[in-house]
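K.L.:
Return atomic coordinates for the entry below.
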Amino acid sequence: MRVIMFDIDTLRADHMGCYGYGRDTTPVMDSVAEQGVCFDRYYCPNAPCLPSRASLISGQYGIHNGIVGHGGTAADMRLQGAGRSFTDDMSENGLFMQFRRAGFHTVSFSSFAERHSAWWFNAGFNECFNVGNRGGESAEMVTPHVLDWLERNGEGDNWMLHVHYWDPHTPYRTPADYESRFQDTPLPDDWIAEDIFKEHLLHIGPHGANEINMWNDDTFKQWPKHPGRLETKEAAKHLIDLYDDGVRYTDDNIGMILDYLKEKGLYDEDLAIIITADHGEDLGEFGVYGEHGMADEPVCRIPMIIKWPGVEGGRHVNGFHDNVDLLPTVQELLGTERFGSYHYDGVSYAGTLLEGTDCSRPYEILTQCAHVCQRSARFDHYVYIRTVHGGYHLLPDEMLFDLEADPHEQHNLAQERPDLCAKGAKLILDWNDAMMKTSAYDADPMWTVMREGGPEHCRGHLQAYMERLKGTPREYGIELLTEKYKGFE
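P.N.:
Okay, the predicted model is just below:
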């Protein structure tokens, strides 16, 4: 058996054809979905990059493994403590170690561990290829290494490749000579009307239309396509086109690898393919462009496509699942044993793959503490978002959206539906209590982030940002920011 896992940064599920997108962004991945199982309501429970992959690798939510942010104490995996033996339990029970235990030769093509000083990510790999750009690389820097490895080793058996692509991640970075596939085609869902975009021009907070570079409108010569600001509705479309180009460019490179496997006769029934992402992206939602800074649907809903030997393909699964579930699923599929008394928060859905059994949850709890501090409850066709620190956006403390009627989260129903807000708040409270009861630590890491000064990407920026607002149509925001975030700067 051979396994290849495509780990794609910042891939919104709803910008893929197999999830209903109207542009031809993912023809190769769509073809894999036709042969595999496509999970329609799959989530990253801890956004963005570092917390999400910590959950993926550990099989635990951030409230247990300790990683919910991008800086401070909550950016490090919690120490096992006195119970640690010669090796720690997380490393021995992590996702990639399952393949090692099952006898696979494991290889990663990724710079993630270096980018975030997250060396635990490499546990279980025999080989690690890091092209050295700390996430600044594009696919043409990664794919040749994968093809070279396959040329030398692909005809062997029992290998597992982890291939990490960054191209949909801001700054949107397709090569200079890569022609856009989408600049001349309309958006399938042109929801950013002129009046909405005018509101976006008045947005207060990072990564708005006036500050694509988070806190300013700087541009960088190494990423010439990525704009510093958006001045028109057409410019907003252009940014979304660039994102879709990044998705398509990733898909093109996946196609090169799969074409090679087909050419060599290695694309067969015994080849397993996993396609997923760490998180999605807000592309105008909440007035935010080119960032993954909320615990909302566009950021937290991710693809999960699995083609696995013996599993009937061409199916879509509708129940709620999240990325802590992959580890126990792989463990069950491979028949590996757990090391020590390590606890998984994830629930195996091997039964769903093999027999069509419903292994889903009734709801999801989503957390974001790198750009904002939020916890959300995703249930039925609603998302309830509770904001503790708004990341210097002027967000209400409670938001509720009907995602079937309002997929871009434009109409906050919190005032109209206090009953659903109460339901969402209770789901979060009950989940939090259950998690803390089973935690070996006293502190909820979200509150550790708050005690250490708030989300990492906000620290030290408020005063300079308010200076930037002076003398502009957004000057009104200075007083509101000062009042709402008193004590944080």
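K.L.:
Can you tell me, leaving aside adjacent residues, what's nearest to V247?
P.N.:
Nearest non-adjacent residue to V247, counting by CB to CB, 6 or more residues apart in numbering: T25, 4.5 Å away. In this view, the C-beta of every residue, glycine as well, is placed from N, C-alpha and C.
K.L.:
In this structure that neighbour contacts C18, no?
P.N.:
No. Using CB atoms under 8 Å, T25 makes no contact with C18, being 10.2 Å away.
K.L.:
These two: which is more packed in?
P.N.:
T25 (25 against 21; other CB atoms under 10 Å).
K.L.:
Can you show me the strands along the stretch 351-489 of the chain?
P.N.:
Here the stretch 351-489 of the chain has its strands, by DSSP state E, counting those that start in this stretch, at 363-368, 373-379, 382-389, 398-402.
K.L.:
Is H238 in contact with D184, as I believe?
P.N.:
No. Contact between H238 and D184 fails when scored by CB under 8 Å: they sit 11.3 Å apart.
K.L.:
Looking at the two, which one has more neighbours?
P.N.:
Higher neighbour count among H238 and D184: H238, with 17 against 7, using other CB under 10 Å.
K.L.:
List phi and psi for the closest residue to I67 other than its chain neighbours.
P.N.:
Distances taken as CB to CB, 6+ apart place A54 nearest to I67, at 3.9 Å, with adjacent residues excluded. Per-residue torsions, A54: phi -60, psi -40 (degrees, to the nearest 10).
K.L.:
Touching, A54 and N46? I think so.
P.N.:
Yes. Between A54 and N46 there is a contact under CB under 8 Å: 6.9 Å.
K.L.:
who has more neighbours, those two?
P.N.:
More crowded of A54 and N46, by other CB under 10 Å: N46, with 35 against 27.
K.L.:
Please give me every residue in contact with the residue nearest to the more buried one when sequence neighbours are not counted.
P.N.:
Taking CB to CB, 6+ apart, and ignoring the residues beside it in sequence, N46 has G62 as its nearest neighbour in space, at 4.0 Å. By CB atoms under 8 Å, 6 or more residues apart in numbering, the residues touching G62 are 45-46, 51, 54-55, 68, 74, 367, 369, 445.
K.L.:
can you give me the strands for the stretch 101-250 of the chain?
P.N.:
For the stretch 101-250 of the chain, the strands defined by DSSP E, counting those that start in this stretch occupy 105-109, 127-129, 159-165.
K.L.:
right, so these: which one is the most enclosed?
P.N.:
With neighbours defined as mean count of other CB atoms under 10 Å, those peak in mean count at strand 159-165, which reaches a mean of 24.
K.L.:
quick one on the thing from earlier: out of the strands of the stretch 351-489 of the chain, which comes closest to P309?
P.N.:
Nearest of the strands of the stretch 351-489 of the chain to P309, taken as CB to CB: strand 363-368 at 28.9 Å.
K.L.:
Give me the contact list for that closest one.
P.N.:
Defining contact as CB under 8 Å, 6+ apart, one finds that strand 363-368 is touched by 41, 43-48, 51, 61-63, 68, 293-296, 299-300, 320, 322, 374-379, 383, 427-428, 431-432, 446.
K.L.:
please redo it, this time with the cut-off set to 6 Å
P.N.:
Strand 363-368 is contacted from outside by 43, 45-47, 62, 68, 294-295, 300, 320, 322, 374-379, 427, 431, using CB atoms under 6 Å, 6 or more residues apart in numbering.
K.L.:
how close does the nearest residue to L150 once chain neighbours are set aside get to A47?
P.N.:
Spatial nearest neighbour of L150, chain neighbours left out: Y260 (6.0 Å); criterion: CB to CB, 6+ apart. Note on Y260: its distance to A47, by CB to CB, to the nearest Å, is 33 Å.
K.L.:
Compare those two and say which one has the larger neighbour count.
P.N.:
Between Y260 and A47, counted using other CB under 10 Å, the more crowded position is A47 (32 against 17).
K.L.:
follow-up on the earlier one: can you tell me which of the contacts of G62 end up in helices?
P.N.:
Counting by DSSP state H, the contacts of G62 place 51, 54-55, 445 in helices.
K.L.:
Now for those residues: which two are most distant?
P.N.:
Spatial extent of these (CB to CB) is set by the pair S55 and P445 at 12.2 Å.
K.L.:
Run through the residues that contact the residue nearest to V247.
P.N.:
15, 244, 247-248.
K.L.:
go with 10 Å
P.N.:
11-12, 15-17, 168, 181-182, 243-251 (CB atoms under 10 Å, 6 or more residues apart in numbering).
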